[in-house]
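predicted model and sequence follow; I will ask about them next.
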Amino acid sequence: MDDRPIGIFDSGVGGLTSINAFSEVLPFESILYFGDTARAPYGSKSPATVRAFSRETAQFLINAGAKILVAACNTSSAAALDYLRESFPGMIVQGIIEPCAEQIAEECTEDDRIGIIATQVTVNSRAYETEIAKHNAELKVFSEACPDFVPLIESGAFESETMEASIQHHIGRLVNECGINVLVLGCTHYPIIRDSIERLFPGLRIIDPSAALAKKTRAILEEEGMLASDWPGWRKFYASDLSPRFLNVIERLGIKGDYSLERHRL
Ligand code: DGL
């Protein structure tokens with residue numbers, strides 16, 4: 001048994017889209033969340049900067065008592081996972097792309113055409129293609145960087161005309177040029193605009209990696225004998241900038257249960 005919290009992080013509000021999945025799969029675990037809202041987006045920065053920012057976040061969560069680090073951020077997972085594992089050898093560091101690739105390989109066949117929407121850093125890294133190929137190299141994968149999605153979401157403009165035009169442009173390209181029938185939300189911010197995506201592209205099968213990440217984390221904690229005792233855990237969310245827009249996004253996510261929220265500058 002280990003009652004220390006799970007440390008979950010993202011560049012901003014995105015990782016909070018996985019909180020309900022964690023609470024469902026791991027109801028007794030305490031959660032420490034850090035969103036680097038002051039420095040988001042990460043997806044348009046250099047991989048070296050993403051690594052440096054991710055390391056600072058990881059150090060904060062370790063100092064705050066996290067028993068495992070979970071990157072609920074595809075961009076950090078793509079650019080910084082190996083670096084974090086090397087930097088904190090005593091710590092288990094789990095990324096979001098590996099369990100999602102496993103899920104894709106389990107659920108998709110060679111007849112599917114799989115579209116991945118993600119940030120520029122994630123797409124450039126080809127982390128999804130690499131991880132999926134480890135399970136099934138025959139799967140057809142098409143990636144599209146959507147650099148304007150995260151700034152629009154972080155600014156609270158998730159229902160604007162600009163957002164809709166951007167969704168039409170990027171996902172339309174995958175649908176019309178690549179013929180995709182499966183769409184992977186390869187950035188944890190994107191579930192926030194899932195309703196709009198479903199409305200504009202009703203035929204697509206959508207995969208949100210959060211559930212796979214939560215299940216993978218549970219499997220690791222079980223295997224390591226690190227699950228918490230069976231009484232409800234607490235949840236504490238930190239953000240490096242707390243704007244009214246951030247609070248608006250939290251409200252939209254419909255996070256179930258209690259949590260406290262505090263600003264923390266790294
Ligand atoms: N939410 C993050 C992801 O999953 C990154 C978004 C960003 O900061 O660009 O990739």
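Nice, I can see it.

element containing F34?
F34 belongs to strand 31-35 when assigned by DSSP states H and E.

run the angle between the following helix or strand past that strand and strand 31-35 for me.
Using DSSP H and E, the helix or strand that follows strand 31-35 towards the C-terminus is helix 47-63. With axes from the mean of the first three to the mean of the last three CA atoms, to 10 degrees applied, the angle from helix 47-63 to strand 31-35 works out at 150 degrees.

pull the strand holding F34 out as CSV, backbone CA atoms only.
Output of strand 31-35 as CSV, limited to C-alpha atoms (Å, rounded to 0.1, in the frame of the first residue of the first chain):
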residue,chain,number,x,y,z
ILE,A,31,-4.1,13.1,-7.2
LEU,A,32,-1.7,16.1,-7.5
TYR,A,33,-2.1,17.8,-10.8
PHE,A,34,0.1,20.5,-12.3
GLY,A,35,-0.8,22.5,-15.4
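
name the residues that touch stretch 250-266?
13, 16-17, 19-20, 23, 34, 36, 38, 53, 56-57, 60, 158, 192, 234-242 (CB atoms under 8 Å, 6 or more residues apart in numbering). In short, each C-beta sits where N, CA and C put it, glycine included.

now, these that are in helices?
I19, N20, S23, F53, E56, T57, F60 (DSSP state H).

surely the last one touches F34?
Spelled out, that is F60. Yes. Shown here, F60 and F34 form a contact pair, counting by CB atoms under 8 Å, at 6.1 Å.

what about these two, which has more around it?
F34 (25 against 19; other CB atoms under 10 Å).

report pLDDT for that one.
Listed pLDDT for F34 reads 97.

these two touch, right, it and Q59?
No. Using CB under 8 Å, F34 is not in contact with Q59; the gap is 10.5 Å.

for the ligand, what are the nearby residues on the stretch 51-200 of the chain?
C73, N74, T75, T119, T122, V150, C187, T188, H189 (CB under 6 Å from any ligand atom).

for these, give me a markdown table that also has secondary structure and distance to I8.
Output for these, formatted as a markdown table (DSSP: H, G, I helix; E, B strand; the rest coil; distance: CB to CB, whole Å):
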| residue | secondary structure | distance to I8 |
| --- | --- | --- |
| C73 | coil | 9 |
| N74 | helix | 13 |
| T75 | helix | 15 |
| T119 | coil | 18 |
| T122 | helix | 18 |
| V150 | helix | 18 |
| C187 | coil | 15 |
| T188 | coil | 10 |
| H189 | coil | 15 |
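
could these go into CSV alongside neighbour count and pLDDT?
Putting these into CSV (neighbours: other CB atoms under 10 Å; pLDDT from 0 to 100) gives the following:
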residue, neighbour count, pLDDT
C73, 35, 97
N74, 35, 98
T75, 36, 98
T119, 30, 98
T122, 27, 98
V150, 25, 92
C187, 32, 97
T188, 31, 95
H189, 31, 93
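
could you export those residues to a markdown table, including columns for distance to K67?
Shown next, in a markdown table, are these (distance: CB to CB, whole Å):
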| residue | distance to K67 |
| --- | --- |
| C73 | 19 |
| N74 | 23 |
| T75 | 24 |
| T119 | 28 |
| T122 | 27 |
| V150 | 29 |
| C187 | 26 |
| T188 | 21 |
| H189 | 26 |
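
specify which member of those residues is nearest to R218.
Distance to R218 across those (CB to CB) is lowest for T188, with 18.1 Å.
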